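> Predicted structure and sequence below. I'll ask about it afterward.
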Amino acid sequence: MINADLEEMDQSSLEKVIALVHKLTGISMGVNKKTLIQGRLRPRIRKLGLISYDQYLDYLNAHKDEVQEFVNLVTTNETSFFRTQRVWDFFTKDFLPKWTAANPKTTLKIWSGASSSGEEIYTIGICCEEHLQKNPGFNYQIFGTDISSEVLAVAETAEYAGRSIESFKTSNRQLFDKYMKPSADVYKVSSEIRAKIKFGIHNLFQLPVDRKNYDIIFLRNVLIYFEPKDQEKVLTNISKGLVSDGILIIGESESLNSLSTPFKYKLPLVYEKDEGKVA
Ligand SMILES: C[S@@+](CC[C@H](N)C(=O)[O-])C[C@H]1O[C@@H](n2cnc3c(N)ncnc32)[C@H](O)[C@@H]1O
């Protein structure tokens, strides 16, 4: 049912929506995000035939299935292949060679904790495949998680088209042709990479299921959505998933400098687990 008469969001509904976003995702939004919030929720509320944001809040209360839909709508999922070249230079030229030399015949375990629609995960996979070709005994597994079921569904298809691949195609043509296979009007990530990857839904405010398991965790461009005290909670949770000397990679506009966390600085965007500070 389409209803064009959806009321403007009032201050009280705005505050309730902001509180609910924080409760469900940890994301902190100011009242200055009203236009963005309305723009994200409006089509859904209209589709449900409701006429006010308060009605939608009641609907959310009464329909538990709608909660995931709401989370999908309020998260920002922007991502790209080879986002922030400096990270991939570190991963391929520093981390992978050193880790392989120190851990022969062991499987490298990688977790991307806010993997969005998969571009980051498949970039990691491409780097690992390239490394594998020069180091035949090397093996790896990647786990991608996100709070949004919608982006995870895209990631699972491993199919990309249009804008999401343009920059990868032009800046890294050789790797693109090697690992992105044309299939109808999309490109699908090659099967040897897909075989090493698993996806699952996970809220970073919950403890990881696999403790002391991952050698490296990518947690990029998600901390920016959280308040410092919430960033500390997430980083403490994440640290529990890492092995003792495990590595954490964050996003280019993020820093752990003024936070109290179980990590020590290693390089720009790169931190190492500080076992002495793990709670
Ligand atoms: C901007 S994207 C970053 C994607 C990728 N890591 C990158 O750097 O390109 C942020 C992702 O964090 C996810 N996210 C937000 N809050 C989360 C939470 N509490 N737990 C898990 N994922 C969350 C969003 O759904 C979104 O897909």
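Received the coordinates, thanks.
> Look at Glu7 and tell me its secondary structure.
coil (DSSP: H, G, I helix; E, B strand; the rest coil).
> Burial check on it, number of neighbours?
Residues near Glu7, counting by other C-beta atoms under 10 Å, number 13. C-beta coordinates here come from the backbone N, C-alpha and C atoms, glycine included.
> which SSE is the residue lying closest to Leu96 once chain neighbours are set aside in?
Once flanking residues are discounted, Leu96 sits nearest to His131: 4.6 Å by C-beta to C-beta, 6 or more residues apart in numbering. If you go by DSSP states H and E, His131 is part of helix 119-134.
> Which neighbouring elements make contact with the next helix or strand after that helix?
Downstream of helix 119-134, the next assigned helix or strand under DSSP H and E is strand 139-146. Judged by 3 or more C-beta pairs under 8 Å, 6 or more residues apart in numbering; DSSP states H and E, strand 139-146 is in contact with strand 107-112, helix 119-134, helix 149-157, strand 197-201.
> can you give me the offset of strand 139-146 from its chain's centre?
Averaging C-alpha positions (C-alpha atoms, centre = their mean, to the nearest Å) puts strand 139-146 12 Å from its chain's average.
> contacting residues around that strand?
Strand 139-146 has contacts (C-beta atoms under 8 Å, 6 or more residues apart in numbering) with 75, 77, 106-116, 118, 120-121, 124-125, 128, 132, 152, 155, 196-202, 210, 214.
> and the stretch 151-279 of the chain, which residues reach the ligand?
151, 203-205, 220-222, 225, 251 (C-beta under 6 Å from any ligand atom).
> if you set the cut-off to 8 Å instead, what comes out?
Contact residues (C-beta under 8 Å from any ligand atom) of the stretch 151-279 of the chain with the ligand: 151, 202-205, 218-222, 225-226, 234, 251.
> buried subset of those residues?
For those, a burial check counting by 16 or more other C-beta atoms under 10 Å picks out 151, 202, 204, 218-222, 225-226, 234, 251.
> picking up where we left off before, what sits against the residue nearest to Leu96?
Here His131 is in contact with 92, 96-97, 100, 138 (C-beta under 8 Å, 6+ apart).
> which phi and psi does the residue lying closest to Ala158 once chain neighbours are set aside have?
Leaving aside its chain neighbours, Ala158 sits nearest to Val189 (4.1 Å; criterion: C-beta to C-beta, 6+ apart). Note on Val189: backbone dihedrals following degrees, to the nearest 10 are phi -60, psi 140.
> Surely Val189 touches Glu156?
No - the pair Val189 / Glu156 is not scored as a contact, 10.8 Å apart, by C-beta atoms under 8 Å.
> Which one of those two is surrounded by more residues?
Using other C-beta under 10 Å as the criterion, Val189 and Glu156 rank with Val189 on top: 24 against 15.
> separation between that one and Leu96?
Computed as C-beta to C-beta, to the nearest Å, the Val189 to Leu96 distance reads 19 Å.
> now swap in Glu78 and tell me
Counting by C-beta to C-beta, the gap from Glu78 to Leu96 is 26 Å.
> Of the two, which one has the most company?
For Glu78 and Leu96, the more surrounded residue by other C-beta under 10 Å is Leu96, and the numbers stand at 22 against 9.
> Put the buried members of the contacts of His131 into a ChimeraX selection.
Paste this into ChimeraX to select the buried members of the contacts of His131, with burial taken from 16+ other C-beta under 10 Å:
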select :96,100,138
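> wait, what's in contact with Phe263?
Each residue near Phe263 by C-beta under 8 Å, 6+ apart is listed here: 235, 239, 248, 256, 271-274, 277.
> Now do the helix or strand of the chain with the lowest mean pLDDT against helix 119-134, angle only.
Scoring the helices and strands of the chain by mean pLDDT, DSSP states H and E places helix 163-171 at the bottom, with a mean of 93. Orientation check (axes from the mean of the first three to the mean of the last three C-alpha atoms, to 10 degrees): helix 163-171 against helix 119-134 gives 40 degrees.
> orientation of helix 163-171 relative to helix 149-157 in degrees?
Counting by the same axes, to 10 degrees, helix 163-171 lies at 40 degrees to helix 149-157.
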